[in-house]
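1. Dropping a prediction and its sequence here:
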Amino acid sequence: MKKLHEDKIVNHVGKDVELGRNVKLWHFSYIGDGTKIGDNVTIGSLSHIDYKVKIGNNCRIEGNVYISPLTVIGSGVFIGPGVIFTNDPYPPSKRLVGITVEDGSIIGAGSTIKAGVRIGKNSVIAMGALVTDDVPPGTVVMGIPAKPSYSRTEYEKKREDWEKV
């Protein structure tokens with residue numbers, strides 16, 4: 001085990017990994033070879049960030065998340081606990097593809113994202129959703145399979161109302 005911070009223990013940080021400033025890796029995180037992580041990123045306990053993943057600045061990745069190889073995550077993204085990113089739409093195949101998550105997106109707990117999907121800027125994936133198609137920017141999707149439900153503007157209003165209570 002490699003000790004990164006006084007109270008943060010990491011099982012594995014691969015070769016050629018680039019960690020930005022103020023990156024926090026919680027207990028038993030795995031960071032695969034060739035991964036690049038921006039500044040001010042938090043990765044929760046038991047999360048597995050596979051090889052050749054790119055994560056932008058100011059992201060928060062909760063615990064028990066799997067991010068598949070070749071995935072690109074923009075800046076200011078929140079990924080809830082237990083989210084699974086896939087990289088093979090027809091397993092087990094020889095061709096793998098990552099997922100793209102654009103800036104400012106929110107991915108709710110327990111969601112599963114299909115290989116090759118693009119999650120548009122400032123979109124929201126509801127908890128437990130199964131995302132099989134691209135998500136347009138500024139859209140909230142939910143369900144199995146995930147379908148557009150309302151706009152990010154409506155989501156922010158609902159969150160604001162929730163926080164007032």
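-> Arrived safely.

2. Of all the helices and strands in the protein, which has the lowest average confidence?
-> Between all helices and strands in the chain, the lowest mean by mean pLDDT, DSSP states H and E belongs to strand 2-5, at a mean of 51.

3. Grab the most central residue of the chain for me.
-> The centre of the chain sits closest to I79, judged by C-alpha atoms, centre = their mean, with a distance of 4.4 Å.

4. isn't G38 right next to I55, touching?
-> Yes: the pair formed by G38 and I55 meets the contact definition of C-beta atoms under 8 Å, at 5.9 Å. Heads up, the C-betas are built off the backbone N, CA and C, glycines and all.

5. Point out where this protein drops to low pLDDT.
-> Applying pLDDT under 70 to the chain flags residues 1-11.

6. ok, which stretches of it are helices?
-> With DSSP state H applied, the chain shows helices at 152-164, listed in chain order.

7. quick one: contacts for K15?
-> The contact partners of K15, taken as C-beta atoms under 8 Å, 6 or more residues apart in numbering, are D33, G34.

8. go again using 10 Å as the cut-off
-> For K15, the set of contacting residues under the criterion of C-beta atoms under 10 Å, 6 or more residues apart in numbering consists of G32, D33, G34, T35, Y51.

9. Which one of those is nearest to V124?
-> Proximity of the contacts of K15 to V124 (C-beta to C-beta) peaks at T35, which lies at 25.1 Å.

10. Please name the residues that touch that closest one.
-> So T35 contacts 13-19, 49-55, 67, 69, 71 (C-beta under 10 Å, 6+ apart).

11. thinking again about what came up before, mind giving me the ChimeraX select for the contacts of K15, buried ones only?
-> The following ChimeraX selection, which keeps only the buried ones among the contacts of K15, applies the criterion 16 or more other C-beta atoms under 10 Å:
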select :32,34,35,51
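
12. Pipe the contacts of K15 into TSV and attach distance to M142 per row.
-> What follows is these, written out as TSV (distance: C-beta to C-beta, whole Å):
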residue	distance to M142
G32	30
D33	35
G34	34
T35	30
Y51	31
